[in-house]
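Q: task: produce atomic coordinates for the following.
(one chain, ligands or ions: 2)
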Amino acid sequence: MINAFAAFEAKGELRPFEYEPGPLKPDEVEIDVQYCGICHSDLSVIDNEWGMTQYPVVPGHEVVGKIADVGVSVNHLTVGQSVGLGWHAGYCNECTPCRSGDHNLCANAQATIIGHHGGFAEKVRATANSVIPIPEGVELESAGPLFCGGITVFNPLVQFDIKPTDKVAVIGIGGLGHMALMFLNAWGCEVTAFTSSEAKREAALRLGAHHTLNSRDEQEIQTAAGYFDMIISTVNVKLDWNRFLGTLKPRGRLHFVGATLEPLDIGVFSLIGGQRSISGSPVGSPSTIARMLEFASLHNIKPVIEKFSFNAINEAISRLRNGKALYRIVLYR
Ligand SMILES: [Zn+2]
Ligand SMILES: [Zn+2]
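A: Ligands and ions are numbered 1, 2, ... in the order given. Have a look, this model is predicted:
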């Protein structure tokens, strides 16, 4: 039996839950969970915001732990190895995206916490190609958030071939945004944070921003007209997107990784005029996750975390719900 924490209804507290995982499949591994980050998507799934939650649900998809067991056909992972598991716990491996290395775009991928029990548990299982070894030099206790939030903001740098000479801005300095500032700074870019308060301004500069702009100050934003190659939005609220579009260079890109539920309200002329783009992307493929981990190791990138014991899981969740987390919460065993 696997001991876990599960939500039994929308917005419900997490309570201890035991399940029988059955025999380990040939292509699966079992991970002893040491740490697990809490992501906003865990809250969305607990609350059934997306209408696809299956209760009882064991959330947790920023897992760090050690391989406890490997299926008979798994050759590249060994018992005792430090690994991580993110949003996906398996892929179809047969579709064109999977066969092109874009597993993260697989329409039939298995989400770790939808119809599958996740990492708020002693153990979690996943197919081996969704489980990524953690290289030496990556601090384990803060690594969990890299596997969902981190890869979500790292992936666009790879997908859109961001160069060290590029000027990149980040909207929203929270769980995702603070990691975006660290990655962009280490990537060599000139980094700007859009912030809305003096406290956040100072934090953004500490985290890796070279400049800040007050996102509520129309005049200040106009000083950056035509300035950025890319803006990455990590927020999940509606903003005046046209205001941000004006700060993009010709061929610039406003890229969404934060899930704003309200439709975008975009003046199409600001896209046509400068041949600008609007885009979005999810987490990254296994190979991009591995690349991010090597980069994090080389540049000593560590998410800024608050630690809670698994026994304080409901307290940790309510801190995240109240928007108090600085910047990511990690549960430890
Ligand atoms: Zn596929
Ligand atoms: Zn997530």
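Q: all contacts plus neighbour counts: C-alpha atoms, from now on.
A: Noted.
Q: and this structure, which of its residues are near ligand 2?
A: Cys39, Ser41, Cys148 (Cα under 5 Å from the ion).
Q: which element is the second one on?
A: The reference is to Ser41. Secondary structure from DSSP states H and E places Ser41 in helix 40-46.
Q: report all helices and strands that that helix contacts.
A: Applying 3 or more Cα pairs under 8 Å, 6 or more residues apart in numbering; DSSP states H and E, we find helix 40-46 packed against helix 313-321.
Q: same thing but 10 Å
A: On a contact count with 3 or more Cα pairs under 10 Å, 6 or more residues apart in numbering; DSSP states H and E, helix 40-46 meets strand 2-7, helix 313-321.
Q: what number of residues lie near the closest residue to Phe308 other than its chain neighbours?
A: Distances taken as Cα to Cα, 6 or more residues apart in numbering put Leu331 closest to Phe308, at 4.9 Å, once the chain neighbours are dropped. By other Cα atoms under 10 Å, 27 other residues sit near Leu331.
Q: what segments of this protein are helices?
A: 40-46, 96-99, 149-159, 175-187, 198-207, 218-222, 241-245, 268-273, 286-298, 313-321 (DSSP state H).
Q: quick one, which of these is nearest to Val64?
A: helix 286-298 (12.6 Å; Cα to Cα).
Q: that closest one to helix 149-159, inter-axis angle?
A: Per axes from the mean of the first three to the mean of the last three Cα atoms, to 10 degrees, the angle that helix 286-298 makes with helix 149-159 is 100 degrees.
Q: mean confidence score for helix 286-298?
A: Averaging pLDDT along helix 286-298 gives 98.
Q: return the most buried member of the helices and strands packed on helix 40-46.
A: Ranked by mean neighbour count under mean count of other Cα atoms under 10 Å, the helices and strands packed on helix 40-46 are led by strand 2-7, which reaches a mean of 21.
Q: which strands and helices sit next to that strand?
A: Contact here means 3+ Cα pairs under 10 Å, 6+ apart; on that basis strand 2-7 packs against strand 14-19, helix 40-46, strand 123-127.
Q: got the ones you listed as JSON lines, with mean neighbour count columns?
A: Converted to JSON lines, these look like this (neighbours: other Cα atoms under 10 Å):
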{"stretch": "strand 14-19", "mean neighbour count": "15"}
{"stretch": "helix 40-46", "mean neighbour count": "20"}
{"stretch": "strand 123-127", "mean neighbour count": "25"}
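Q: which among the ones you listed is found nearest to Phe308?
A: Nearest of these (Cα to Cα): strand 14-19, 14.5 Å.
Q: that closest one packs against which elements?
A: Against strand 14-19 (3+ Cα pairs under 10 Å, 6+ apart) you get strand 2-7, helix 313-321.
Q: can you rerun that using 6 Å?
A: Judged by 3 or more Cα pairs under 6 Å, 6 or more residues apart in numbering; DSSP states H and E, strand 14-19 is in contact with strand 2-7.
Q: how about Val70: what's its closest non-neighbour residue?
A: That would be Val29: by Cα to Cα, 6+ apart, it lies 4.4 Å from Val70.
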